[in-house]
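Visitor: Provide a 3D model corresponding to the input given below.
(one chain, ligands or ions: 1)
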Amino acid sequence: MGDGSRATYDLGVNRIAVIMALTAEAAPVIAELGATPVASTSPLPIQFFEATRSGCHIVVSVNGQHPRHGVCSIGTDAASLNTYVTIDRFKPDLVISAGTAGAWARNGSQIGDVYVSDDRFVFHDRRIALDSFSEYGVGSYPAAKARRLAEALGLKTGVVTTSNSLDENDDDRAMIARSHACVKDMEAAAVAYVGEMMDTPVIALKAITDLVDHETPTAEQFTANLALASRLVGEKLLAVIDFCAARSLADLA
Ligand code: ADE
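Guide: Alright, predicted model coming up:
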């Protein structure tokens, strides 16, 4: 760690920030934690909720409602801003990009599976066919090693791929095939981009609402399964927090 003010891989995880996009995704875990609202000091619509659990300081930071569109601020812009403001203010030892995601039946995924990120976060909609910029587009931001955590909690693991679209087109499909990603969301790579810049480890915890390669439209599956997946990601978040508390990041690996 550059300035020594945050955790290193040798120190314990005492402060965890959970970055979430939809109010509906965040509601179950906020309720279970008994987390209370913290006043915002920025002009952004981010909503912070604080709690203590297993001796850890937890902040759940929700992107908040877009003031003009009147919907939750999903996608990468809001995720980056939320992550920056949250790390800057709360100095977490670990950031968790949490929420819902899509996955593929061809990989054996099922609705309600909960995944922990593995290896790296990538983008699948940033195609920049200029010298050296292709890799910049994909990103490949590091995911903090968490296989032991996943194994202990019975969670699946995989590379998480991000774009600003709920569906996938043929170009997305080609990039996803190249990255071998098995979880598809709209925030995690943006969170990890900021985490890398700010020297703060990031993992994702994502509950599956839809199978991208199923004949039922993604939006229809998502709507039908949002409540179930939000409850499941909330349950697993509590287990992740309990596992991380009083452990070092190396213990998660
Ligand atoms: N969130 C939930 N399902 C998703 C999908 N299929 N793509 C992107 N984000 C999602």
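
Visitor: mind checking pLDDT for Tyr9?
Guide: For Tyr9, the model assigns a pLDDT of 45.

Visitor: Over to Ala26: give its phi and psi.
Guide: Per-residue torsions, Ala26: phi -80, psi -20 (degrees, to the nearest 10).

Visitor: Now it: closest residue in space, sequence neighbours ignored.
Guide: With sequence-adjacent residues excluded and distances taken as Cβ to Cβ, 6 or more residues apart in numbering, Ala26 is closest to Met20, at 4.2 Å. C-betas here are computed from N, CA, C, even on glycine.

Visitor: Using the three-state scheme, assign the residue in the chain positioned nearest to the ligand.
Guide: Among all residues of the chain, Gly102 sits closest to the ligand, at 2.3 Å; criterion: Cβ to the nearest ligand atom. Secondary structure state of Gly102, per DSSP: H, G, I helix; E, B strand; the rest coil, is strand.

Visitor: Could you check how many residues crowd around it?
Guide: Counted by other Cβ atoms under 10 Å, the residues lying close to Gly102 total 25.

Visitor: And it, how close does it get to Asp213?
Guide: 9 Å (Cβ to Cβ, to the nearest Å).

Visitor: now swap in Ser117 and tell me
Guide: With distances taken as Cβ to Cβ, Ser117 is found 21 Å from Asp213.

Visitor: Go through the chain and flag its longest helix.
Guide: Assignment by DSSP state H gives helix 218-244 as the longest helix of the chain.

Visitor: And it, what's buried?
Guide: 218, 221-222, 225-226, 229-234, 236-241, 243-244 (16 or more other Cβ atoms under 10 Å).

Visitor: near the ligand at all, stretch 148-168?
Guide: Yes: for stretch 148-168 and the ligand, the contact criterion (Cβ under 6 Å from any ligand atom) is met by Leu166.

Visitor: Quick one: distance of that stretch to the chain centre.
Guide: On the basis of Cα atoms, centre = their mean, to the nearest Å, stretch 148-168 sits 9 Å off its chain's mean C-alpha point.

Visitor: Repeat that for stretch 201-208.
Guide: Worked out by Cα atoms, centre = their mean, stretch 201-208 lies 4 Å from the chain centre.

Visitor: any residue of it up close to the ligand?
Guide: No: using Cβ under 6 Å from any ligand atom, stretch 201-208 stays clear of the ligand, with a minimum separation of 7.5 Å.

Visitor: and Val29, what is it in contact with?
Guide: Residues counted as contacts of Val29 (Cβ atoms under 8 Å, 6 or more residues apart in numbering) are 18, 20, 35, 60, 98, 233-234, 237-238.

Visitor: picking that back up, next secondary structure after the longest helix of the chain?
Guide: Downstream of helix 218-244, the next assigned helix or strand under DSSP states H and E is helix 249-252.

Visitor: So which bits of that next one are buried?
Guide: Residues of helix 249-252 classed as buried: 249, 252 (neighbour count, 16+ other Cβ under 10 Å).

Visitor: Tell me the residues of the stretch 1-150 of the chain that contact the ligand?
Guide: So far as Cβ under 6 Å from any ligand atom goes, the stretch 1-150 of the chain lies against the ligand at 100-102.

Visitor: wouldn't Leu149 be in contact with Ile241 here?
Guide: No: assessed by Cβ atoms under 8 Å, Leu149 is found out of contact with Ile241, at 10.9 Å.
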